[in-house]
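[1] Sequence and predicted structure, then a few things I'm wondering about:
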Amino acid sequence: MPNKQEIKRQISLPLSKAVEIAWKSIRLRLSRSMLVTSAIVLALAFLCSILTTETLINGMRQWIQNTPQTPEYQRLKQVRDKLDADLKALEAEIRRVAQYTKAPPADAKPFDVQQTFDGQTWEDIRERIARPLPISPGDLNKLLTVEPAMLESVRLLIEDAEKLKSVRSELNRPEELKAQMSSNGVPTDPDEIEGNKIQTRWVIGLALLVAFVGILNAMLMSVTERFREIGTMKCLGALNGFIVKLFLLESLFQGTVGTLLGILLGLVVSFGMASLSYGSAAWLNVPWSDVGINVLITLLVGMALSVGGAILPAAQAARMHPIEAMRVEA
Amino acid sequence: MNQTQTSPVSNQPTELAEYTVRTIDVKREYKMGTETVRALKGVSVSIERGEYISIMGPSGSGKSTFFNMIGGLDKPTEGKVYIDEVDIAQLDSYELAWMRCRKIGYIFQTFNLIPVMTALENVMLPMIFAGMTTADAQDKAMEILKRVDLQHRWKNKPTEMSGGQQQRVAIARAFANDPTIILADEPTGNLDLNTGKLIIELLRGLNKEKGVTVISATHDHKMLAVSDRIIWISDGRVAKISNRDELQIEEGHIQGPGWDEGKTLR
């Protein structure tokens, strides 16, 4: 005859069992609950891109500030000065020789600039070296007809002028980038940066809020649409704690996957936007360790929010009476 | 004759019969705002081991409340409910969960299989909750699936099965931990006539061969036809308990002594 002694207490299942069931369930549910996952992805992508964009801009600011102090920059400055001096000497020499050049003899073969310089005219060359020619194109033709040996000096002049051009643009990059950033409304001066920091914090706070609301809403949805399932599990002998654990784990898995996708999207967006705005300059000084920290922060925030957002609805669902859970119409 | 008149406080085994479920003057009140709804106004019923019981009653009669009460899903405001001679009011949530897991098998109108699990996993779930190892649970679940003739569909998800097949999986799941009571809430309500018939036959067969008590809330006259007894609930009270031989069941009509003559169902 059965009696009271026969009733035992339901055992708590080990966490591994919950992990196993939650994992099985989420693997199948993940694609179905794309809506929930996409909310997480978008929210975390927003947060990640805001953080990373800020990091990239800081990297560029640092680069603008530090580059003029580097030995490389100093060396380039010396190269520029030397090239400048060399060019001036060459130009003076060409002008001096041209001054003493007589008119070419009638039978002399006239110098053909296009043949010598791969089809370029003196105009093209002037444009290429971004510098006025030392003497007029006509005089240059005359000089080279009479004194073919001067061709070497002219070639050297063109070569040096091209080098100088690239060195100058290299030296100008920090200033150019600074101007570009200012025109985009990104402050670069220390005082302005200080003021901008408060603004940035607000934006990051806003991004966090968006992420939190998005995830909380997503988790509430996923729990409420499964009231019947929770009720069934309770009828089958699941303890409240097990149901809470199950939902938190599922939420954690889903949150982690969503967050990882969000981070990927956020990185693509922030690097893409920076590349569009600043071209290769965006990649000059990427503080990779800071980017890594951002990724870690976003991951932790995403995981914490998805678990945190699910605690309340899951606990509420688990506390529900099984019959009430059953009553909900599908 | 089966309405018990024994002392309400006794939870000692009696010598009368082996009762799986005993309710003694059960009352249940719900507070809805300031109003108190009296869903059950004193119900005393005893159900013997191995009986096949149907509970009948119009909606709002307190039938569902009574059904939930004997299923350990609800507790009475007044009176006692004994399941296997245990007063369920004295159980804490762990003990209730243990009882739901091992003593009672639930079958629902909407099947309520876990959608992400296969037929086999659904049947295994109560065994897992009971602490069985996965390997043992698999073997046993397969054995039960064989009994309901679904061993070939063990890999299928509920959405890949027909309503009748889903309900058979649900029945297999209800039998997972060899319960003493099967509670079926309108088990044929969502099924067509022939499928419903098969389900009823299956339940009746399992009832006979395992000696399990089957209690079902139903409107299905086919279900009533196989029942040992029918408990008619009306206005929160037991209106009548009739034995099968007292019943005349016609297509779509049920006439029982003391019941509204010729009342049309459904």
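    Arrived safely. Residues are numbered from 1 along each chain as shown, chains lettered A, B, ... in the order given.
[2] residues in chain B within reach of chain A, list them.
    When proximity is defined as Cβ under 8 Å from any Cβ of the partner chain, chain B approaches chain A at B:11-13, B:18, B:68, B:73-74, B:84-87, B:91-102, B:106, B:108, B:110, B:112, B:114-117, B:121, B:125-126, B:128-131, B:173, B:177. For glycine as for every other residue, the C-beta is placed from the backbone atoms N, C-alpha and C.
[3] Tell me, how many residues neighbour residue 221?
    Answering for chain A, as no chain was given. Neighbour count for residue A:221, taken as other Cβ atoms under 10 Å in any protein chain shown: 15.
[4] Can you look at chain B instead?
    Counted by other Cβ under 10 Å, the residues lying close to residue B:221 total 17.
[5] Against chain A, how distant is it?
    Relative to chain A, residue B:221 is positioned 25 Å away (criterion: Cβ to the nearest Cβ, to the nearest Å).
[6] hmm, back to that, and the residues of chain B next to chain A, which are buried?
    Using 16 or more other Cβ atoms under 10 Å in any protein chain shown as the burial test, the residues of chain B next to chain A include B:18, B:68, B:73-74, B:84-87, B:91, B:94-102, B:106, B:108, B:110, B:112, B:114-117, B:121, B:125-126, B:128-130, B:173, B:177 as buried.
[7] how about the helices of the chain, start to end?
    No chain was given, so I picked chain A. Listed from the start of the chain, chain A has helices (DSSP state H) covering A:15-32, A:34-66, A:71-99, A:113-116, A:122-129, A:137-146, A:151-183, A:190-224, A:227-235, A:240-278, A:288-319, A:322-327.
[8] if you could check chain B rather than the one you did, that'd help
    For chain B, the helices identified by DSSP H occupy B:63-70, B:93-102, B:119-129, B:134-147, B:163-174, B:193-210, B:221-226, in order along the chain.
[9] For residue B:76, give me the pLDDT.
    Per-residue pLDDT puts residue B:76 at 89.
[10] That one - nearest residue in space that isn't next to it in sequence?
    residue B:26 (4.5 Å; Cβ to Cβ, 6 or more residues apart in numbering or on different chains).
[11] confidence score at the one you found?
    At residue B:26, the pLDDT value in this model is 91.
[12] hang on, the earlier thing: tell me which of the helices of chain A sits most buried.
    Of all the helices of chain A, helix A:227-235 carries the top mean neighbour count, a mean of 23, counting by mean count of other Cβ atoms under 10 Å in any protein chain shown.
[13] Summarise which helices and strands it is packed against.
    helix A:240-278, helix A:288-319, helix A:322-327, helix B:93-102 (3 or more Cβ pairs under 8 Å, 6 or more residues apart in numbering or on different chains; DSSP states H and E).
[14] what's the last one packed up against?
    Counting contacts by 3+ Cβ pairs under 8 Å, 6+ apart, helix B:93-102 packs against helix A:227-235.
[15] Contacts for the helix it packs on, please.
    A:223, A:240, A:242-243, A:246, A:317-318, A:320, A:322-326, A:328, A:330, B:73, B:97, B:100, B:106, B:108, B:110, B:112, B:114-115, B:125 (Cβ atoms under 8 Å, 6 or more residues apart in numbering or on different chains).
[16] Which pLDDT value belongs to the residue of the stretch 151-266 of chain B found nearest chain A?
    Of the residues in the stretch 151-266 of chain B, the one nearest chain A is residue B:173, at a distance of 7.4 Å by Cβ to the nearest Cβ. Residue B:173 is assigned 95 on the pLDDT scale.
[17] ok, the closest residue to residue A:208 other than its chain neighbours - contacts?
    Spatially, and ignoring its direct neighbours in sequence, residue A:208 is nearest to residue A:47 (6.3 Å; Cβ to Cβ, 6+ apart). For residue A:47, the contacting residues are A:204, A:207-208, A:210-211, A:262, A:266, A:298, A:301, taking Cβ under 8 Å, 6+ apart as the criterion.
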